[in-house]
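[1] Sequence and predicted structure are below.
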Amino acid sequence: MAAPDDAVTKDYEKAHNTYERFMGSLKWAIPVICVIVFIVVLLIAP
């Protein structure tokens, strides 16, 4: 049977990988959303 510390380490690695993917997607999603919002505001403003 595995030691309890092994489970914590595996969970931490999974959480870290998930966090890295999430932050990586935010790095690209936020600027794209800002550009879309800017274009929509330009279209609505006049």
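    Cool, the structure landed. Numbers count the residues shown, from 1 in each chain.
[2] Give the rounded mean pLDDT of stretch 10-24.
    For stretch 10-24, mean pLDDT is 89.
[3] And stretch 35-46, by the same measure?
    Averaged across stretch 35-46, pLDDT comes to 94.
[4] who touches that stretch?
    Applying C-beta atoms under 8 Å, 6 or more residues apart in numbering, stretch 35-46 turns out to have no external contacts. All C-beta spots, glycine's among them, are computed from the backbone N, C-alpha and C.
[5] Distance from that stretch to the middle of the chain?
    25 Å (C-alpha atoms, centre = their mean, to the nearest Å).
[6] Let's see it as CSV, backbone CA atoms only.
    Extracted in CSV, the C-alpha atoms of stretch 35-46 (Å, rounded to 0.1, in the frame of the first residue of the first chain):
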residue,chain,number,x,y,z
VAL,A,35,-10.0,42.9,-28.6
ILE,A,36,-13.5,41.6,-29.3
VAL,A,37,-15.0,43.9,-26.7
PHE,A,38,-13.1,46.9,-28.2
ILE,A,39,-14.4,46.1,-31.7
VAL,A,40,-17.9,45.8,-30.5
VAL,A,41,-17.7,49.1,-28.6
LEU,A,42,-16.3,50.8,-31.8
LEU,A,43,-19.2,49.4,-33.8
ILE,A,44,-21.8,50.5,-31.2
ALA,A,45,-20.4,53.9,-30.4
PRO,A,46,-21.3,55.8,-33.6
